[in-house]
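Student: The following comprises the amino acid sequence and a computationally predicted model.
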Amino acid sequence: MATAIPSSAAEQFFLERFGLGPALLEPIVGGAIARRADYADLYFEFRTAQSLSLEEGIVKTASTHIAQGVGVRVVAGDKTGYAYSDDVTVESVRLAARTAEAIAAETNAQRAVAVRETGPGHDLYALARAPIETALADKVDLLNRIDIAARRHDPRIKNVLASIGVEQKLVLIVTSGGLVVGDVQPLVRLSVTCIAEDGGSRQHGSYGGGGRVEFGFLLEGDRYLRFTRAAADQAVRNLQAVDAPAGTMTVVLGPGWPGILLHEAIGHGLEGDFNRKKVSAFSELLGKPVASPLCTVIDDGTLRNRRGSLNVDDEGTPTGRTVLIEKGILRGYLQDRLNARLMGMPLTGNGRRESFAHIPMPRMTNTFMLAGDSTADEIIRSVDRGLYAGYYEGIGTCGKDGQSVPVGVGLPTIRVDGLTVGGTQTAA
């Protein structure tokens, strides 16, 4: 088991910038706990986001956006009161706490809460240099190198759209259980789209990647060149593409990004709120077979430096590795504090929110299926006639109830029988 790291730089940041120490936080979170309330928390956030984009050989846009704020939640039974403010002062936090309490419990009772600082149970993205600190000139230079490399790769590449997104988010979470935990969450993403033209045909291809890594990750082993060439190859290959068949057929999904289908078709249905409300196809099926014995599906928020990984979720719970389906048997759901308590199930570290202005809910982190015994070649050879879907475009952002959070997906090569394909040509 990973040892606890010292209290992160996030606590020190919020103390120095906003004067938010234990002496001030204790009465606020205590005041948010009403007589009939079960739980309360404060979520402080300071986020810096940078983006640059290149098109037609020119870096056309570059921006930096800073957002800060605090959200206060009070939970009573299955009722949640939530209020937030982008003014991070003691008085605004007190006002938000009183508002959330009134929404949830309609009482003025107060409970004393002693808060203590603690560190997350693991440190998954300790970086020597945060990507947000990379010089603007270095980011512009990378975009220009991508543009040159794509055009040199094939003369049919007529335009390149490339973008770099970099983020640094500092969070501080204070709970009515007395927990104070902070985290510094870096994130970087490179996306490349190439436009190919030939004989009146115009096609595109896209590729990208990133994670909670240093900016140099994009340069290691010429990774940015591999992204660029993959996008260019897709665009050129699509120039010769024919209409896709439509109808019900066998489809082989390639490894990696086709895991988006697993995320959408299976992952959301295993989130606790849908199952508590009994609106999921997996409701009340724990311990029962729901898939082939070949299928084991996992959500793991502890994979080092991955896009969906977190030291703690947005409720202060350490992330973990949750086995959802084991050899076809449903083993668990993804939980936040509210739904875990109401369902009488353990926390899984999946309480997530887009920002301080949003209520946390059960969300995926990195969701994937484990590989089976068959090789990719064996799976492909087992199909007499069908489609091979080797790659899906994606940026690793999941939307639910108007909130977007970064996630990871994964899949081995799998065969899906009887899949309905919405192509442009009826299958033979």
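Tutor: The structure has been received and is ready for your questions.
Student: how about Arg189, secondary structure?
Tutor: strand (DSSP: H, G, I helix; E, B strand; the rest coil).
Student: Count the neighbours of the nearest residue to it once chain neighbours are set aside for me.
Tutor: With sequence-adjacent residues excluded and distances taken as CB to CB, 6 or more residues apart in numbering, Arg189 is closest to Gly210, at 3.8 Å. In this view, the C-beta of every residue, glycine as well, is placed from N, C-alpha and C. Other residues lying near Gly210 total 25 when counted by other CB atoms under 10 Å.
Student: tell me which element Gly210 is part of?
Tutor: Using DSSP states H and E, the element containing Gly210 is strand 201-211.
Student: got the contact list for that strand?
Tutor: The contact list for strand 201-211, computed with CB atoms under 8 Å, 6 or more residues apart in numbering, reads 165, 187-196, 217-218, 223, 227-228, 230-239, 241, 305-307, 393, 395-396.
Student: List buried members of those by neighbour count.
Tutor: 165, 187-196, 217-218, 227-228, 230-236, 239, 305-307, 396 (16 or more other CB atoms under 10 Å).
Student: State the distance from the residue lying farthest from the centre of the chain to Arg156.
Tutor: For the chain, the residue at maximal distance from the C-alpha centroid (CA atoms, centre = their mean) is Gly199, at 40.5 Å. Using CB to CB, to the nearest Å, one gets 10 Å for the distance from Gly199 to Arg156.
Student: that older thread, now, the buried ones among the contacts of strand 201-211 that are in strands?
Tutor: 165, 187-196 (DSSP state E).
Student: can you put those residues in CSV and add pLDDT and distance to Leu270?
Tutor: CSV is the format used below for these (pLDDT from 0 to 100; distance: CB to CB, whole Å):
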residue, pLDDT, distance to Leu270
Gly165, 97, 28
Leu187, 98, 25
Val188, 98, 29
Arg189, 97, 26
Leu190, 98, 30
Ser191, 97, 28
Val192, 98, 32
Thr193, 98, 32
Cys194, 98, 36
Ile195, 98, 38
Ala196, 98, 39
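Student: In a markdown table: the residues you listed, plus distance to Leu370.
Tutor: Shown next, in a markdown table, are these (distance: CB to CB, whole Å):
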| residue | distance to Leu370 |
| --- | --- |
| Gly165 | 30 |
| Leu187 | 26 |
| Val188 | 28 |
| Arg189 | 26 |
| Leu190 | 28 |
| Ser191 | 28 |
| Val192 | 30 |
| Thr193 | 32 |
| Cys194 | 33 |
| Ile195 | 37 |
| Ala196 | 36 |
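Student: wait, is Gly269 part of a helix?
Tutor: Yes: with three-state DSSP as the criterion, Gly269 is located in a helix.
Student: from memory it sits against Phe282, does it?
Tutor: Yes: here Gly269 reaches Phe282: they are 5.0 Å apart, a contact under CB atoms under 8 Å.
Student: any shared contact partners between the two?
Tutor: Shared contacts of Gly269 and Phe282, defined by CB under 8 Å, 6+ apart, comprise Asn275.
Student: And the next helix or strand past the helix or strand bottoming out on mean pLDDT in the chain?
Tutor: Every helix and strand in the chain was compared by mean pLDDT, DSSP states H and E; the lowest is strand 116-118, with a mean of 62. Towards the C-terminus, the helix or strand next in line after strand 116-118, according to DSSP H and E, is helix 136-153.
Student: per-residue confidence averaged over that following helix?
Tutor: Across helix 136-153, pLDDT averages out at 98.
Student: Just the buried residues of that helix, please?
Tutor: In helix 136-153, counting by 16+ other CB under 10 Å, buried: 139, 142-143, 145-147, 149-151, 153.
Student: Would you map out the domains in this protein?
Tutor: 9-238, 245-426 (automatic domain parsing).
Student: Where among those domains is average confidence lowest?
Tutor: Comparing mean pLDDT across the domains of the chain, the lowest value falls on domain 9-238: a mean of 89.
Student: Off-centre distance for it?
Tutor: Put simply, domain 9-238 sits 10 Å off its chain's centre (CA atoms, centre = their mean, to the nearest Å).
Student: so how far is the first residue of that domain from its last?
Tutor: In terms of CA to CA, to the nearest Å, the two terminal residues of domain 9-238 are separated by 48 Å.
Student: now stretch 402-410
Tutor: Note: stretch 402-410 ends 24 Å apart using CA to CA.
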